[in-house]
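Student: Need the 3D shape of this:
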Amino acid sequence: MTFTSLIKSAALSLIIALPVASAASAGGSYVNVEQYGWMNSAGGAQTGWANDMGIYQNGSYNTAIASQSGNWNTTVVGQTGWGNTASATTIGHGNVTGIAQNGWGNAASTGQLGTGNGVAIIQNGWGNAASSTQVGHGNTAVIVQN
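Tutor: A predicted model of the protein is given here:
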């Protein structure tokens, strides 16, 4: 898989996971979870309003956990392959988190505390690990591994 096709695959995973038209809604917030394959697990929690969360997993033995507290936050996790784990925690307002993993045995973790932060982790292959923690306002982080 070339780097260009990796980016396209990751973007497609995020696009697939992001629509929340049929998702559950409370207080203007949305959660959408789609899983295929075997033994995948996902969990999500939100407090506040106007939060969006999408989790898409395809493959097997993938795990994703996301939580948002505050308002106007967006979290998207799209994973394919086997045995990938993703964790995203957001506290604050107007934060954006995106995780896309492909392959197997990849691990990604993000944490945000503040306002207007953005983080993206894209991994491909196997055995990659990435973590990002943001505290404050207006921070941006991008991690790409192959």
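Student: going forward, measure contacts between C-alpha atoms and count neighbours the same way
Tutor: OK.
Student: in which helix or strand would I find the residue nearest the centre of the chain?
Tutor: For the chain, the residue nearest the mean C-alpha position is Val77 (2.6 Å; CA atoms, centre = their mean). Val77 belongs to strand 74-82 when assigned by DSSP states H and E.
Student: The residue nearest to the centre of the chain touches Thr89, doesn't it?
Tutor: No. Using CA atoms under 8 Å as the test, Val77 is too far from Thr89 to be in contact (11.9 Å).
Student: starting at the chain centroid, how far to stretch 106-117?
Tutor: Between the centre of stretch 106-117 and the centre of its host chain there is 9 Å, according to CA atoms, centre = their mean, to the nearest Å.
Student: And for stretch 53-63?
Tutor: 10 Å.
Student: which residues are contacting the strand holding Val77?
Tutor: Applying CA atoms under 8 Å, 6 or more residues apart in numbering, the external contacts of strand 74-82 come out as 10, 13-14, 17-18, 51-62, 64, 66, 68, 86, 88, 94-105.
Student: what's the helix or strand encompassing Ala64 packed up against?
Tutor: For Ala64, the host element (DSSP H and E) is strand 63-71. Other elements packing on strand 63-71 under the criterion 3 or more CA pairs under 8 Å, 6 or more residues apart in numbering; DSSP states H and E are strand 41-49, strand 74-82, strand 85-93.
Student: So in that sheet, which strands flank that strand, and in what orientation?
Tutor: Strand 63-71 pairs in its sheet with strand 41-49 (parallel), strand 85-93 (parallel), by DSSP bridges.
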